[in-house]
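**Student:** Can you look at this prediction? I've put the sequence above it.
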Amino acid sequence: MQISARHRRILPSSELFSQHPMAKSHTLPHFQRIRTSTPTVTMQCKQQEHNENETRVSSVFEMLKSIPQWVDDIKEGRMKRPKSLYTHREWVIHRSSTRHIRHVASSLSSRVILSLIPPVCFFTALAVAIAAYNTAVVCELFPPFMPLLHASSLPYQLTAPALALLLVFRTEASYSRYDEGRKAWTKVISGAKDFARQAVTWIRGSDDAHLKDKLLQYIMAFPVVLKCHITHESDMRHDLGTLLQEDDLQTVLSSQHPPSCILQLMSECLERVQLVDSKQNILDSHICQFIESIGVCERLIGIPIPLSYTRLTSRFLFLWHLTLPIILWDECEWIVVPATFVSAASLFCIEEVGVIIEEPFPMLALQQMCTLAHDNIREMINLHNSIDDNMYTEQKILSYRVGSNGTGWRSRGK
């Protein structure tokens, strides 16, 4: 194709290439590939962006789900910490005039406070969302048909006493369980020491010395076995230590109910000891007391407060704080956020205390009580041996003086 100089113009490279005879055969498929591949790349980019958004959302949800698990792990770990019995020094600190400052300063380490993080954060965030929505409605940022979330406070004034009574009854029922568990363990410790005292004093025959030692071992081991029986994840073999001989230890560990096994071993020892019936009945009554204490502990572990009562309290608290920002909006507006925070922190804290003390034994210093009973019984045995040796020596001296020639009424009676 000839182009005159007058009509000649500079053609773009694409047009020059398109005028070539082979242009159509090579160019069209190439542009078609570009045109058909562009939507595919766009869809892939959108799909990748969508996947990234889903990943971000899922990571946020996973983080939110991990917060309650983190709180529960900390709370359960601190409940497993061994408690200690109070001495005079602890009581002085307990009633100190600066206790309020100390309690507030230790709030972040309190397992009760940590357990409030999920519900308090949820209801506070809900209050922020409701306040932001109502503010947007008032400022006409939403269409006119969007309603303002507010209501009368009269229903809350009518139901507030019911919620207060419900929380009080819930906490009182939990404390009664705690008090019952504390009294049951007081009977176990005092009964073990009294049992050991009577066994040490009454069993004196040389033929019964071996049975007496085994009986005292069983008495000292019983509180430890009962503690391991009613507490979670306890190592009975480690806690018993050297309290029992190896064959007795294997018998107790292989038993399905270790406390009853220990009591049976006690009964077998008493059956073989030479005692008058009255003393043997008294010693056997301690075993009956131990059986009663086992029943009390197992009842407190196996039977909680009626679940309907616990569920009612939780549902009442949830619905109360779910609608609290709506009720308070007319009077407080954005103050509903701190008001909801304070209300949720206060009421859920009372409910959490009731739930924690419902299972009494993690709250008691069981390990220290067992150690104290063991030490007291050991001291009692040593004191008995010392007194027995002293009295035996005094009797020998007195017998020697009375029986010697020229002194005492015995020599005169000859």
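**Tutor:** On my side now, so go ahead. Just so you know, these numbers come straight off a predicted model, no measurement behind them.

**Student:** Tell me the pLDDT of residue 203.
**Tutor:** Per-residue confidence (pLDDT) for residue 203: 88.

**Student:** Residue 95: neighbour count?
**Tutor:** 8 (other Cβ atoms under 10 Å). Using the backbone N, CA and C atoms, a C-beta is placed for each residue, glycine as well.

**Student:** can you check residue 338 too?
**Tutor:** 12.

**Student:** Please apply the same query to the one 4 residues further on.
**Tutor:** Around residue 342 there are 12 other residues, counting by other Cβ under 10 Å.

**Student:** And for the one 4 residues further on?
**Tutor:** Counted with other Cβ under 10 Å, residues neighbouring residue 346 total 13.

**Student:** what's near enough to touch it?
**Tutor:** For residue 346, no contacting residues are found, by Cβ atoms under 8 Å, 6 or more residues apart in numbering.

**Student:** in what helix or strand does it lie?
**Tutor:** Assigned by DSSP states H and E, residue 346 falls within helix 336-356.

**Student:** swap in residue 193?
**Tutor:** Using DSSP H and E, residue 193 falls in helix 154-202.

**Student:** How about residue 234?
**Tutor:** Residue 234 belongs to no helix or strand, assigned by DSSP H and E.

**Student:** going forward can the numbers begin at 4, since that is how I track them
**Tutor:** From this message on, residue numbering opens at 4, which makes the last subject residue 237.

**Student:** How many neighbouring residues does the nearest residue to it once chain neighbours are set aside have?
**Tutor:** Nearest residue to residue 237 in three dimensions, chain neighbours excluded: residue 231, at 4.1 Å (Cβ to Cβ, 6 or more residues apart in numbering). Residues lying near residue 231 (other Cβ under 10 Å) number 22.

**Student:** For the helix holding residue 349, buried residues please.
**Tutor:** 339-340, 342-344, 346-347, 350-359 (16 or more other Cβ atoms under 10 Å).

**Student:** Now do the helix holding residue 196: which elements does it pack against?
**Tutor:** helix 212-233, helix 280-305, helix 310-335, helix 339-359, helix 369-406 (3 or more Cβ pairs under 8 Å, 6 or more residues apart in numbering; DSSP states H and E).

**Student:** In space, what's closest to residue 335 - neighbours in sequence excluded?
**Tutor:** Residue 335 sits nearest to residue 342 (Cβ to Cβ, 6+ apart), 5.8 Å away.

**Student:** quick one: that neighbour from residue 322, how far?
**Tutor:** According to Cβ to Cβ, to the nearest Å, residue 342 stands 17 Å off from residue 322.

**Student:** can you check residue 220 too?
**Tutor:** Residue 220 is 57 Å from residue 322, by Cβ to Cβ.

**Student:** Looking at these two, which is more packed in?
**Tutor:** Legend: neighbour count by other Cβ under 10 Å for residue 220 and residue 322, higher for residue 220 (21 against 12).

**Student:** Cross-check the contact I'm expecting between that one and residue 244.
**Tutor:** No: the criterion here is Cβ atoms under 8 Å, and residue 220 misses it with residue 244 at 11.5 Å.

**Student:** For residue 293, the count of nearby residues, please.
**Tutor:** 24.

**Student:** Residue 225 is in contact with that one, correct?
**Tutor:** Yes: using Cβ under 8 Å, residue 293 is in contact with residue 225, at 6.3 Å.

**Student:** list the residues that contact both of the two?
**Tutor:** With Cβ under 8 Å, 6+ apart as the test, residue 293 and residue 225 both reach 191, 262, 266.

**Student:** isn't residue 228 right next to residue 239, touching?
**Tutor:** Yes: using Cβ under 8 Å, residue 228 is in contact with residue 239, at 6.7 Å.

**Student:** Would you mind measuring from residue 342 to residue 270?
**Tutor:** From residue 342 to residue 270 the distance is 63 Å (Cβ to Cβ).

**Student:** No more questions from me, cheers.
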